[in-house]
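Colleague: coordinates only, no sequence provided:
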């Protein structure tokens, strides 16, 4: 909840947990925020300062446990330190590359009193969150884009974090460069735009993967070149000149060899690029052979890619959802097949309205995230594209949704199994199926109703459309349980350890 | 190829843990590490040696720099730095004449001899790692009973533009 509140509002979301098991229970949430560079502050209780290290009741070394998954951690040892610690925590969490900050507060420190004196400004010697982008490097980047025959833009999560949508779109349109995104960057560029090819990666769009492989120069904006996006690192960079813009200098050269590196806030860097292009009156027409080829490829896959024949096939369902869901709605997802189907078949029209646990891949993230998004933007419909395997993990957040009056919609693509694992067992393990069958348990309509929320079962495409419309008008949370075909695979598929060019298409 | 990284850090609890945990989490290896407070008690200096190829070394430095408690991270150029390690070796005395032989070798390497007994003696050597290795080679025939190394400490030569 706090994580997605942070992603949506771009201000740190705050979550609280008690000491010991409470603290260890939020470790996965913290790791999720770290993996997706989300601004979040986790406040944990700790045993009284004099008891630390004595294996006291509900004591856990949460600072030690979370060290590799936080941006920073504080443990104030007196009440007087708290105002400065809180101010520093918000500063660190939300600046530069955002991330989670932990504040672990011993019980006696919580209960003591002190005057609230906040420092007027924060200075941390070893922390320089932003550097000004190097203008010369941006000039080199433009030069490289203009001299390459088959340029492409790869937009990552950094575009969404820095809200650089307008700058990105302007550059793409001025230079007529097609745009692919990472999964985290999905929706950083309107997916109904003529230059949009959609996400690349393990379950990227066929046309996006194909064009990414054929491109000779990439402008990567706020992307860390994850293995899920690029396949094998060596193959990806083989015939590619890479321009890499990132706020985190440690990302430059981590996974890919970079030709031009622009370190700095992506929005600031792109803004400088836009200014340069306009000053120099650089504009490219859309009649290049490359763009023609891109358009033909996209058209080919749109016409010829086989879709699952089931009446409630994923593509049909998610296109129906797109039809009835207002474009400004915020969509979250859980983790699994439904998530990858959302990547493939659900077009994000308004930039920055799609959120998912992409780095850590945390099942159960999407539903509480939707509630957090609703808290950040109460006037916008919020919908969680879910699978029942994931929803099982955090379904008890229905209580928060109902009690705090934060109505969201759960679009439950129920295949009665842990579908992604089942798909891998079918594909890579000779159909030796184990531990994936969830049968028809529990009944999600009853689950919703038992919390005082609304439950609807939708068994035809028309029912699905109507159910979403009913849910949009509801003032309590709605779970729409949609029984789908347990045997539907997510395709196309780039198998792990292979490159994007080895993409498996539906046959 | 080994490299010397000098890291100026905030002198407070948990910082050494963060540095070593970073090496562990990123699957980097530390060959030696030495830590001590600087002339300004707010800072400690860590000298880390690691054998990593260039790409990995760049990542190590960037990741260290990214830590909020590191104030300055420098890759030291061997030629432009003074670097030393202190080693204590307990050497076996097999016959009385060994004492004289070992003491002669120790003098040649500017070592200090401590705690000479009937069956063992301790030699202290402060030198560059290759010189320490050379001494160790020569002494090995007598039998090394125990060894303790401090890890390398290093400083850049000169100040400001002098280097």
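Modeller: Good, I have the coordinates. None of the values given here were measured: they were computed from a predicted structure.
Colleague: tell me who's in contact with residue 151.
Modeller: With no chain named, the answer covers chain A. Residues near residue A:151 by CB atoms under 8 Å, 6 or more residues apart in numbering or on different chains: A:145, A:175, A:177, A:215-219, A:290. (C-beta placed from N, C-alpha, C; glycine too.)
Colleague: let me rephrase: I mean chain B.
Modeller: Residue B:151 touches B:32-34, B:47, B:49, B:85, counting by CB under 8 Å, 6+ apart.
Colleague: need those residues in JSON lines with distance to residue A:24 and secondary structure, can you?
Modeller: Formatted as JSON lines, the contacts of residue B:151 follow (distance: CB to CB, whole Å; DSSP: H, G, I helix; E, B strand; the rest coil):
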{"residue": "B:32", "distance to residue A:24": "34", "secondary structure": "strand"}
{"residue": "B:33", "distance to residue A:24": "30", "secondary structure": "strand"}
{"residue": "B:34", "distance to residue A:24": "34", "secondary structure": "strand"}
{"residue": "B:47", "distance to residue A:24": "35", "secondary structure": "strand"}
{"residue": "B:49", "distance to residue A:24": "36", "secondary structure": "strand"}
{"residue": "B:85", "distance to residue A:24": "41", "secondary structure": "strand"}
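Colleague: for those, pick the one with the most neighbours.
Modeller: residue B:47 (23 neighbours; other CB atoms under 10 Å in any protein chain shown).
Colleague: mind checking which of the contacts of residue A:151 are in strands?
Modeller: A:217-219 (DSSP state E).
Colleague: closest to chain B among the contacts of residue A:151?
Modeller: Nearest to chain B, judged by CB to the nearest CB, of those is residue A:218 at 19.7 Å.
Colleague: ok so, going back, widest-spaced pair of the contacts of residue B:151?
Modeller: Spatially, the most separated pair among the contacts of residue B:151 is B:33 and B:85, at 11.5 Å (CB to CB).
Colleague: before we move on, back to that, the contacts of residue B:151 also near chain A: which ones?
Modeller: Residues of the contacts of residue B:151 in contact with chain A (CB under 8 Å from any CB of the partner chain): none.
Colleague: tell me the one of those residues nearest residue A:67?
Modeller: For the contacts of residue B:151, the nearest to residue A:67 is residue B:33 (17.3 Å; CB to CB).
Colleague: where does chain B get nearest to chain A, residue-wise?
Modeller: Taking CB to the nearest CB, chain A has its nearest neighbour within chain B at residue B:62, 3.8 Å off.
Colleague: how close does that residue get to residue A:443?
Modeller: 52 Å (CB to CB, to the nearest Å).
Colleague: same thing with residue A:237?
Modeller: Distance, residue A:237 to residue A:443, by CB to CB: 50 Å.
Colleague: between the two, who's got more neighbours?
Modeller: residue A:237 (18 against 13).
Colleague: so who does the more buried one touch?
Modeller: Applying CB under 8 Å, 6+ apart, the residues contacting residue A:237 are A:256-257.
Colleague: now do the helices in the stretch 1-150 of chain A.
Modeller: For the stretch 1-150 of chain A, the helices defined by DSSP state H, counting those that start in this stretch cover A:2-9, A:21-25, A:27-35, A:62-66, A:82-94, A:107-111, A:135-147.
Colleague: helix A:82-94 and the third one, what's the angle between them?
Modeller: Put plainly, it is helix A:27-35. 60 degrees (axes from the mean of the first three to the mean of the last three CA atoms, to 10 degrees).
Colleague: helices and strands around helix A:27-35, which ones?
Modeller: With contacts taken as 3 or more CB pairs under 8 Å, 6 or more residues apart in numbering or on different chains; DSSP states H and E, helix A:27-35 sits against helix A:2-9, strand A:40-46, helix A:62-66, strand A:100-106.
Colleague: quick one: it to chain centroid distance?
Modeller: 12 Å (CA atoms, centre = their mean, to the nearest Å).
Colleague: just want the angle from that helix to helix A:2-9.
Modeller: Going by the same axes, to 10 degrees, helix A:27-35 is angled at 30 degrees with respect to helix A:2-9.
Colleague: what mean pLDDT does helix A:27-35 have?
Modeller: In this model, helix A:27-35 has an average pLDDT of 98.
Colleague: now it against strand A:40-46, angle please.
Modeller: Using the same axes, to 10 degrees: helix A:27-35 against strand A:40-46 is 150 degrees.
Colleague: who touches helix A:27-35?
Modeller: A:2-3, A:6, A:15, A:38-40, A:42, A:65-66, A:69-71, A:99-100, A:102, A:357-360, A:362, A:365.
Colleague: what do you get for the second one?
Modeller: Contacts of helix A:21-25 from elsewhere in the structure, counted by CB under 8 Å, 6+ apart, are A:17, A:44-46, A:58, A:60, A:62, A:65, A:104.
Colleague: go on, stretch A:367-380?
Modeller: By CB under 8 Å, 6+ apart, stretch A:367-380 touches A:1-9, A:13, A:328-330, A:332, A:334, A:355, A:357, A:382-384, A:386, A:390-391, A:394-395, A:397, A:400-401, A:404, A:406-410.
Colleague: so residue A:137 is in contact with residue A:262, correct?
Modeller: Yes. The criterion here is CB atoms under 8 Å, and residue A:137 meets it with residue A:262 at 4.8 Å.
Colleague: neighbour count: these two, which is higher?
Modeller: A direct count of neighbours by other CB under 10 Å for residue A:137 and residue A:262 places residue A:262 higher, at 28 against 18.
Colleague: hang on, the more buried one in a strand?
Modeller: Yes. Assessed by DSSP: H, G, I helix; E, B strand; the rest coil, residue A:262 belongs to a strand.
Colleague: thanks a lot, catch you later.
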